[in-house]
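Participant: attaching a predicted model along with its sequence, questions to come.
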Amino acid sequence: MKGPLFYSKILLFGEYGIIKDSKGLSIPYNFYNGALKKDENPSEEAIKSNESLKRFASHIQGINNDIARFDHERLLEDVNSGMYFDSSIPQGYGVGSSGALVAAIYDKYAFDKITVLENLTREKLLTLKTVFSAMESFFHGKSSGLDPLNSYLSIPILINSKDNIEATGIPAQQSEGKGAVFLLDSGIIGETAPMVSLFMEKMKQEGFRIMLKNQFIKHTDACVDDFLNGDIKSLFSNTKQLSKVVLNHFKPMIPMQFHELWEKGIETNEYYLKLCGSGGGGYILGFTEDIQKAKQSLSDYKLEVVYNF
């Protein structure tokens, strides 16, 4: 048995900010994917995944029927007969590994499910987001539900505010373009939960809250608008400001050995780095007006281009 594929995602803008109602823009990233599977002779990894699915299945049993109804009997039957999640999505890299699993389980076991073929009204998107939030909270405490939403629908999602989300189109890529969004592999596994707790702790300080609103959210919102409007010049100017704000106020979320590299980008304008997901490791997201220059500058690291301007 092998189920349909669900893809990874990249939150281009909005990490942390969307917890406090900033805008956000999330796009599917088809380089990685995962699917539910059963094998005659499961590998060690498959057995481990199955164990984790058993725990996840009992979490799903606890979800209120008012939020969503699942075919628990069939889910338990499949889990007990060795079903696992076969995924190439790296965990702890900020590209939505748990989101793809949540999407796959909803797709296969939810009753009255909302599908991508329907007219996706704002209400339907919010309903899905609520369901996914309840499901994904099993993995990292407090989930917005956006990662599974992106993975499930496989379309770009624009977050205007917590209760206002819409499917959106993004400008077509310029395959010959020199500008690019890229992923830089930090080589460190990041954990979402401790990073989010750290952020919540910082939110208790008034100074941090003011900075978040007047600087972080201001530039995040501007970046989303610039990206969707195709205003590249303004996008890079706002991304530079955002990169500075993150370096000054979110330092613990940036792995120590990347502080200098981060600063170098801002000083030379060869690239600007930002967090991809909650940070602490995993991928770091980069924006550059000249991908060749950025590759030379960052020649010690593996870059994956995800979008060309």
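Facilitator: Cool, the structure landed.

Participant: list the contacts for Ser24?
Facilitator: Ser isn't right for residue 24; it's Gly. If you count contacts by Cβ atoms under 8 Å, 6 or more residues apart in numbering, Gly24 has them with 11, 13-15, 17-18, 146, 157-159, 220, 224. The C-beta positions use only the backbone N, C-alpha and C, and glycine is treated the same way.

Participant: and for the residue nearest to it when sequence neighbours are not counted, the neighbour number?
Facilitator: Excluding its sequence neighbours, the residue lying closest to Gly24 (Cβ to Cβ, 6 or more residues apart in numbering) is Gly14, at 2.4 Å. Other residues lying near Gly14 total 22 when counted by other Cβ atoms under 10 Å.

Participant: quick check: pLDDT value at Gly14.
Facilitator: We have a pLDDT of 93 for Gly14.

Participant: does anything pack onto the lowest-mean-pLDDT helix or strand in the chain? Which helices or strands?
Facilitator: The weakest-scoring helix or strand in the chain, judged by mean pLDDT, DSSP states H and E, is helix 192-202 (a mean of 88). Where contact means 3 or more Cβ pairs under 8 Å, 6 or more residues apart in numbering; DSSP states H and E, helix 192-202 is packed against helix 122-140.

Participant: would you indicate which residues of the helix it packs on are buried?
Facilitator: 125-126, 128-129, 131-140 (16 or more other Cβ atoms under 10 Å).

Participant: so what touches the helix or strand just after it?
Facilitator: Scanning forward in sequence from helix 122-140 by DSSP states H and E, the next helix or strand is helix 146-153. The contact list for helix 146-153, computed with Cβ under 8 Å, 6+ apart, reads 6-9, 11, 18, 24, 26-28, 96, 98-100, 102-103, 106-107, 116, 120, 125, 128-129, 132, 135-136, 156-157, 159, 165, 167.

Participant: how far away from the center of its chain is helix 146-153?
Facilitator: How far helix 146-153 lies from its chain's middle: 9 Å, per Cα atoms, centre = their mean, to the nearest Å.

Participant: and the angle from it to helix 122-140?
Facilitator: Going by axes from the mean of the first three to the mean of the last three Cα atoms, to 10 degrees, helix 146-153 is angled at 120 degrees with respect to helix 122-140.

Participant: how far is the helix or strand following helix 146-153 from where the chain is centred?
Facilitator: Next helix or strand after helix 146-153 toward the C-terminus (DSSP H and E): strand 157-161. Strand 157-161 sits 13 Å away from the centroid of its parent chain (Cα atoms, centre = their mean).

Participant: which other helices and strands contact strand 157-161?
Facilitator: strand 24-37, helix 146-153, strand 164-167.

Participant: keeping just the C-alphas, turn it into CSV.
Facilitator: This file holds the C-alpha atoms of strand 157-161, laid out as CSV (Å, rounded to 0.1, in the frame of the first residue of the first chain):
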residue,chain,number,x,y,z
ILE,A,157,-1.2,30.5,1.2
LEU,A,158,-1.4,34.2,2.1
ILE,A,159,-1.9,34.9,5.7
ASN,A,160,-3.4,38.4,6.2
SER,A,161,-4.0,37.9,9.9
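
Participant: each with direction, which strands does that strand pair with?
Facilitator: When pairing is defined by DSSP bridges, strand 157-161 lines up against strand 24-37 (antiparallel), strand 164-167 (antiparallel).

Participant: which one of the buried residues of helix 122-140 is nearest to Leu235?
Facilitator: Leu125 (25.3 Å; Cβ to Cβ).

Participant: measure that closest one to Phe216 for me?
Facilitator: 25 Å (Cβ to Cβ, to the nearest Å).

Participant: just the strands in the chain please.
Facilitator: 6-13, 24-37, 84-87, 157-161, 164-167, 180-185, 272-275, 283-288, 303-308 (DSSP state E).

Participant: so, low pLDDT: which residues of the chain?
Facilitator: Nowhere does the chain drop to pLDDT under 70.
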